[in-house]
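Trainee: coordinates only, sequence not included:
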């Protein structure tokens, strides 16, 4: 704080804000450098397809829900509607200790269609949901 004495008629005090601006700029630089270091993303484990690996056999007690490009829904190779799927999965998961579910969808399907299946599975009682990829190319 500086003080000026003018013509001896009184003391005038002025606030010197230069040090405050310097501190503000230093803090601004610190926050600008530190902000990108904070990461907000969630870790997602995505299976990577093996180029030469043959398709694995799935256990017979596994529950697989498939959706084709024409929006046909299959529960373990049996065609069902979305309403039937929710009630059927609810009955199945009611008596199971392990509530795992696999959802297989075509690559060309929009994400929203798969999320509808995931939503139905969660409401039916599935605790672990794994996503599988179904390619559109016919195997030779």
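Mentor: Thanks, I have the structure now. Bear in mind the structure is a predicted one, so any value in this text is a computation, not a measurement. Numbers count the residues shown, from 1 in each chain.
Trainee: quick check: phi and psi at residue 73.
Mentor: The phi/psi pair for residue 73 (degrees, to the nearest 10) reads phi -110, psi 130.
Trainee: counting neighbours, what do you get for it?
Mentor: A count of nearby residues for residue 73, using other C-beta atoms under 10 Å, gives 19. Backbone N, C-alpha and C define where each C-beta goes, glycine included.
Trainee: was I right about it contacting residue 116?
Mentor: No: Residue 73 is beyond contact range of residue 116, at 9.5 Å (criterion: C-beta atoms under 8 Å).
Trainee: touching both of those two, which residues are there?
Mentor: Residues within reach of residue 73 and of residue 116 at once, by C-beta atoms under 8 Å, 6 or more residues apart in numbering, are residue 82.
Trainee: helix, strand, or coil at residue 133?
Mentor: Secondary structure state of residue 133, per DSSP: H, G, I helix; E, B strand; the rest coil, is strand.
Trainee: separation between the nearest residue to it once chain neighbours are set aside and residue 114?
Mentor: In this structure, residue 133 finds its nearest non-sequential neighbour in residue 107, 6.3 Å apart by C-beta to C-beta, 6 or more residues apart in numbering. Look at residue 107 and residue 114: by C-beta to C-beta, to the nearest Å, they are 11 Å apart.
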